[in-house]
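Peer 1: Take this sequence and fold it.
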Amino acid sequence: MAVRLCAAAADYRAVTAQLHAVCTDPATRGMAASAAAYTDWLHAAAGHAESAAVHAAAAVRAHRAALTAMVPPPVIAANRTRRTSLAAANCLGQSATQIAQTEADYERMWARDAEAMYAYARACADVSPLAPFAPPPSAGRVHGDGSGPWRLTSAPEVVSSGRRVMAAIPDALLAVSVSPLASFDVSLSPVTAPLSRLSSLSAPSGIAISHLNSLNKAAALRCLFPNRGGADGAPIGARAGRSASIGALSVPQVWSAAATPPAVYRGTVA
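Peer 2: I've put the predicted structure just below:
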């Protein structure tokens, strides 16, 4: 990331120099000044990214050292299996010494793993503090259009909330290395509000996605049933008290018309 930011800053500087050499109007000078400020910010962000890479490499080394110092899980499983078999065969107490030795080995494994984890927490607390990334400078007004500076409305809130979260992580890691059960939850309490704020910033997108899903479902239903209102697309209507009667049964009027017997011609045949 640091290399890409440096390359982007160099490209910005080259384009700005060419633009300044061709055009000398006030709008061009304003854009060149804004681009120069943004280029300086890119260089500073590249330096911060390089520092973050160094810290990340130190954290990786601490993680590898912790894995190397810890007891492998198969060794712990073998110890527990040996303890179970000795206890099953200890009818007369002849295996009491071996069982005690096995339990002592198991406790030493716990102590070794705990020391490795505390050392890892201390190493992470040492490498976690980072210089905060400064937000990019706001672009100035472009001459003649009267519009405000270009900016993202949610970007400052995201940057400030993320900065508070990152600032609380070293204290939490230090609390783990000193007193994990007593102060870990207390050290993480400042992170709750920033994380809640970060999650609330995504609510409008969730509402938009839900609305789009409902529109897609409605469109799919219309495609599957294009003429549910009738054969000719006319709306369906209903009336009360307009039915006909066949005996004691109320039926639609068309039924009575269909049930009318044909007229019989009574005449003479010559």
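Peer 1: tell me the contacts of residue 113?
Peer 2: Residues near residue 113 by CB atoms under 8 Å, 6 or more residues apart in numbering: 70-71. C-beta: built from backbone N, CA, C; applies to glycine.
Peer 1: go again using 10 Å as the cut-off
Peer 2: 66, 69-71, 76 (CB atoms under 10 Å, 6 or more residues apart in numbering).
Peer 1: secondary structure element for it?
Peer 2: helix 96-127 (DSSP states H and E).
Peer 1: what about residue 66, neighbour count?
Peer 2: Residues near residue 66, counting by other CB atoms under 10 Å, number 19.
Peer 1: Show me what the helix or strand hosting it is packed against.
Peer 2: Assessed by DSSP H and E, residue 66 sits inside helix 26-69. Packed against helix 26-69, as judged by 3 or more CB pairs under 10 Å, 6 or more residues apart in numbering; DSSP states H and E, are the following elements: helix 2-22, helix 96-127.
Peer 1: hmm, back to that, who wins for neighbours among the contacts of residue 113?
Peer 2: residue 66 leads the contacts of residue 113 on contacts (other CB under 10 Å) with 19 neighbours.
Peer 1: So it versus residue 111, what's the distance?
Peer 2: Residue 66 sits 15 Å away from residue 111, going by CB to CB, to the nearest Å.
Peer 1: picking up where we left off before, mind putting the contacts of residue 113 into CSV with distance to residue 91 and pLDDT?
Peer 2: Formatted as CSV, the contacts of residue 113 follow (distance: CB to CB, whole Å; pLDDT from 0 to 100):
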residue, distance to residue 91, pLDDT
66, 42, 92
69, 39, 93
70, 36, 93
71, 31, 93
76, 26, 94
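Peer 1: Okay, and the nearest residue to residue 52 once chain neighbours are set aside sits in which element?
Peer 2: Counting by CB to CB, 6 or more residues apart in numbering, residue 52 lies nearest to residue 130, which is 5.9 Å off, once chain neighbours are set aside. Under the criterion DSSP H and E, no helix or strand holds residue 130.
Peer 1: how many neighbours does residue 130 have?
Peer 2: For residue 130, using other CB under 10 Å, the count is 16.
Peer 1: looking at it, it is touching residue 58, isn't it?
Peer 2: No: using CB atoms under 10 Å, residue 130 makes no contact with residue 58, being 11.4 Å away.
Peer 1: ok, the closest residue in space to residue 115 that isn't next to it in sequence - contacts?
Peer 2: Nearest residue to residue 115 in three dimensions, chain neighbours excluded: residue 69, at 7.4 Å (CB to CB, 6+ apart). Taking CB under 10 Å, 6+ apart, we find residue 69 in contact with 112-113, 115-117, 119-120.
Peer 1: Most neighbours among those, please name it.
Peer 2: Neighbour max across those (other CB under 10 Å) = residue 120, 22 neighbours.
Peer 1: pLDDT at it, what is it?
Peer 2: In this model, residue 120 is scored at 91, pLDDT.
Peer 1: low pLDDT regions in the stretch 1-150 of the chain?
Peer 2: Within the stretch 1-150 of the chain, the segments meeting pLDDT under 70 span 20, 22-24, 28, 128-129, 138-150.
Peer 1: The spatially closest residue to residue 96 that is not a sequence neighbour: neighbour count?
Peer 2: Counting by CB to CB, 6+ apart, residue 96 lies nearest to residue 90, which is 6.7 Å off, once chain neighbours are set aside. When neighbours are defined as other CB under 10 Å, residue 90 has 13 of them.
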